[in-house]
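Visitor: just coords:
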Ligand SMILES: O=C(O)CCC(=O)C(=O)O
Ligand SMILES: [Fe+2]
């Protein structure tokens, strides 16, 4: 679960109106490969943000998928987007292992269809990953690649809407945590931001826009759907609601694996996660001129932070940029791996586990420069658009979170580190702090 920015001050108002003025109308831009340049000065620094080629015709928006030679024929999703573009592939058995940071690639398949001992082995490896790096890649997770492609495409079409349409669906309060968040409104930062570097980082806004979708049907907390705008808006709502449910189901399975891995009954967490008080966040990092990063070394696309909730399911496109903090303090690339979900533990799960599970800091930096082969010269100096989808999983708002059995006690000489807290209260407090 994440936050949103401190108020969108005057500086941002100008960035927003400028980008609104320059953007072509939704629909007319869709066929264009031409770079549309938006210059926006962001909070106290002269950051140039370049709004890139239309995501709707750019195959680079597709989530990373296996290359056709190795696994399956190209997939054309329902929007007609070819999702298997040529891309670098990690060998299937590899995750990340650098600077003492190990992010394993775990096959979830046997958890569903293996023998009880297979299932147990998967549970142990998932739990071990959460206890060491706090991060893992999951494959055979059960969410079809075609669905993920559809969600990415729908997300890209949403962000391609005119700025005033998006602003009309704006995020309002931490309690609601629903709606559109414009570029620079959120600044992710670490919890203990006491030192100078962190304070400096905090003053540099993230270069991203997001759309936050919460549990549908909560009294007084409506999602901000674009369904009144057009047919595409209706389709967006349908796509996102379907995806929300799939992710909710996967969250439940992941929590079952953690239960088994921590010697708890398999269904221990079911009553905690039945409500689906989760948050689906669509992210768009617009193309950025490379000078932005040169001029300001502190500039990142999303600042260093840990997530708030229990676990996060993160779907990346193929561009990369996500980095995870290693035990040595360095940031290590969590390179996209086809058809996998990056899953990381959040602060509330760490707290729940009496800190046996780690909530590890991460950030998003500029992705690698556009690969060769792009014919449009105007792209050469820009980092391309990046899209990602984060599904922040939380316990039901009304659940009291107290240290899990087995994580404290006289027998293991470990004391309870935290007071009991209600999941909802904890999360709203964290969201409020980030404003
Ligand atoms: O976009 C990404 O890859 C990561 C985003 C993230 O960490 C977050 O929103 O909490
Ligand atoms: Fe995050």
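Guide: Nice, I can see it. Just so we're clear, the structure is a prediction, and the values are computed from it rather than from any experiment. Ligands and ions are numbered 1, 2, ... in the order given.
Visitor: where does the protein dip in pLDDT?
Guide: Along the chain, segments meeting pLDDT under 70 span 1-93, 185-203, 367-380, 435.
Visitor: can you name the residues bridging to the residue in it that ligand 1 sits nearest to?
Guide: Shortest the chain-to-ligand 1 distance, computed as C-beta to the nearest ligand atom: residue-wise this is residue 388, at 3.5 Å. In this view, the C-beta of every residue, glycine as well, is placed from N, C-alpha and C. When bridges are taken as DSSP bridges, the partners of residue 388 come out as residue 283, residue 316.
Visitor: so what's the residue count around it?
Guide: Using other C-beta atoms under 10 Å, the number of residues around residue 388 comes to 26.
Visitor: who touches stretch 248-257?
Guide: With contacts defined as C-beta atoms under 8 Å, 6 or more residues apart in numbering, stretch 248-257 is touched by 108, 111-112, 122-123, 126-127, 138, 141-143, 266-267, 269-270, 272-274, 276, 278, 310-311, 313, 341, 343, 391, 393.
Visitor: which phi and psi does residue 319 have?
Guide: Comment: the main-chain dihedrals of residue 319 come out as phi -80, psi -30, following degrees, to the nearest 10.
Visitor: wait, it sits on residue 364?
Guide: No. At 10.0 Å, residue 319 and residue 364 do not qualify as touching, with contact defined as C-beta atoms under 8 Å.
Visitor: joint contacts of those two?
Guide: Applying C-beta under 8 Å, 6+ apart, one finds that residue 319 and residue 364 are jointly contacted by residue 386.
Visitor: list, one by one, the residues from the protein near ligand 1.
Guide: Residues of the chain lying near ligand 1 by C-beta under 6 Å from any ligand atom: 2, 281, 283, 302, 307, 314, 316, 322, 362, 364, 388, 390.
Visitor: most neighbours, which of those?
Guide: Taking other C-beta under 10 Å to define a neighbour, the member of those with the most is residue 307, carrying 28 neighbours.
Visitor: residue 351 versus that one, what's the distance?
Guide: When distances are taken as C-beta to C-beta, to the nearest Å, residue 307 and residue 351 turn out to be 12 Å apart.
Visitor: what do you get for residue 173?
Guide: Using C-beta to C-beta, one gets 24 Å for the distance from residue 173 to residue 351.
Visitor: between the two, which is the more surrounded one?
Guide: Between residue 173 and residue 351, counted using other C-beta under 10 Å, the more crowded position is residue 351 (20 against 14).
Visitor: show me what contacts the nearest residue to the more buried one once chain neighbours are set aside?
Guide: Nearest non-adjacent residue to residue 351, counting by C-beta to C-beta, 6 or more residues apart in numbering: residue 418, 5.1 Å away. When contacts are counted by C-beta under 8 Å, 6+ apart, residue 418 is found next to 351, 354, 403.
Visitor: go ahead and confirm the residue of the chain closest to ligand 1 touches residue 315.
Guide: Yes. In this structure, residue 388 sits in contact with residue 315. The criterion is C-beta under 8 Å, and the distance is 6.4 Å.
Visitor: ranges for the helices of this protein?
Guide: 10-22, 109-113, 116-132, 145-159, 163-167, 196-202, 231-261, 270-273, 290-295, 347-352, 423-433 (DSSP state H).
Visitor: make TSV out of those and add distance to residue 337.
Guide: Written out in TSV, the entries for the helices of the chain read as follows (distance: least, C-beta to C-beta, whole Å):
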stretch	distance to residue 337
helix 10-22	33
helix 109-113	15
helix 116-132	14
helix 145-159	13
helix 163-167	31
helix 196-202	28
helix 231-261	17
helix 270-273	26
helix 290-295	25
helix 347-352	23
helix 423-433	29
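Visitor: go through those and name the closest to residue 397.
Guide: Go through the helices of the chain one by one with C-beta to C-beta and the one that ends up closest to residue 397 is helix 423-433, at 3.1 Å.
Visitor: who does the closest one touch, helix- and strand-wise?
Guide: The contact analysis (3 or more C-beta pairs under 8 Å, 6 or more residues apart in numbering; DSSP states H and E) places helix 423-433 against helix 347-352, strand 400-401.
Visitor: got a list of contacts for it?
Guide: 1-4, 174-175, 177, 272, 277, 308-309, 347-348, 351, 394-401.
Visitor: what's the spacing between stretch 318-327 and its chain's center?
Guide: 12 Å (C-alpha atoms, centre = their mean, to the nearest Å).
Visitor: list the buried ones in that stretch?
Guide: By neighbour count on 16 or more other C-beta atoms under 10 Å, the buried set for stretch 318-327 is 318, 319, 320, 321, 322, 323, 324, 325, 326.
Visitor: buried stuff in stretch 330-338?
Guide: Within stretch 330-338, the residues that qualify as buried are 331, 332, 334, 335, 336, 337, 338, counting by 16+ other C-beta under 10 Å.
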